[in-house]
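Engineer: Okay, sequence plus prediction incoming.
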Amino acid sequence: MQRTTIAVGLLNAVSILILSGPSASAQTVAIVSTNRGWYTETGIHLDGTNYITGDHHSTGCSPCQSDFRSYFVFDLTNYPVPFASAKLALNEPATGYKSPDPSETYELHDVTTPISTLTFGGGVAAHTDLGTGIVYGSRVINSTEVGTLEINLNPAAIAALNSARGGFFAIGGSLTTLDNIQNEERIFAATQDPPIVAELRVTLVPEPATLLFAAVFAGSLYMRRPPRRAALANRHFTNTKL
């Protein structure tokens, strides 16, 4: 009876842990970027400021360049649990969008430039890197959209995020709909002003595997043990004289 009570109690305790513990359901957290900035096609770079992207040739622009590309760096050193999904959340100010077109397409890419080089100045090579390589996701941004915009990251991005856990991770962004004319065709201007939004919104994978193993093990102990009453009956029958 005592062994049965212990086994059942263990099963109940493990079940409660699985159902009510933090790993029982997926958890969503926001990882704020540690660095963000832009590169131009001539290799001009600015770190820790806005993440303007596209063609910028308005009156008084400095620098006036035809293809600003943005980047974002995230610290993943404190995330041992795998990521199930993720979104990149950015802010489009009221003055952030300017283009003759009603929408522009913003595309995200992997970054192979070392993080230290990216943030301190990688020149033209870094600019090229931000708009080429593996696509992590894209979003059509309309001229009327203002505020926080989310871009879903694809499976390639999730795999890269999980590989980068314990270190740093970077994403590059560019406009794929530029018209190759020196005009104003950009998004995310003035994103250095509050509210500053540049973060990964990730969903963590629940990991109840260890607890589930304990439950199965406890259950197997209980199932293997023959019922006490049946054992007593067998012993009584064996010792009875005919």
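Structural biologist: Structure's in. What do you need? Numbering: from 1, shown residues only.
Engineer: ok, Ser66 touching Asp55?
Structural biologist: Yes. The criterion here is CB atoms under 8 Å, and Ser66 meets it with Asp55 at 5.3 Å. Just so you know, the C-beta spots here come from the backbone N, C-alpha and C atoms, and that holds for glycine as well.
Engineer: Those two - which one has more neighbours?
Structural biologist: Regarding Ser66 and Asp55, a neighbour count based on other CB atoms under 10 Å identifies Asp55 as having more, with 24 against 17.
Engineer: Thr119 sits in which helix or strand?
Structural biologist: helix 115-120 (DSSP states H and E).
Engineer: That helix: how far from the chain's middle?
Structural biologist: 21 Å (CA atoms, centre = their mean, to the nearest Å).
Engineer: which residue ranges form the strands in this structure?
Structural biologist: 27-32, 35-39, 45-47, 53-56, 65-75, 83-92, 103-110, 135-142, 147-152, 168-175, 185-187, 198-204 (DSSP state E).
Engineer: can you tell which of the ones you listed is closest to Ala126?
Structural biologist: Proximity to Ala126, assessed across the strands of the chain by CB to CB, is greatest for strand 35-39 (5.4 Å).
Engineer: and the angle from the closest one to strand 65-75?
Structural biologist: 160 degrees (axes from the mean of the first three to the mean of the last three CA atoms, to 10 degrees).
Engineer: partner strands of strand 35-39, parallel or antiparallel?
Structural biologist: strand 45-47 (antiparallel), strand 65-75 (antiparallel) (DSSP bridges).
Engineer: Mean confidence (pLDDT) on stretch 105-112, please.
Structural biologist: Stretch 105-112 comes out with an average pLDDT of 98.
Engineer: in the sheet, who's paired with Val140?
Structural biologist: Per DSSP bridges, residues listed as beta-bridge partners of Val140: Thr105.
Engineer: Go through the strands paired with strand 35-39 and pick out the most buried.
Structural biologist: strand 65-75 (a mean of 23; mean count of other CB atoms under 10 Å).
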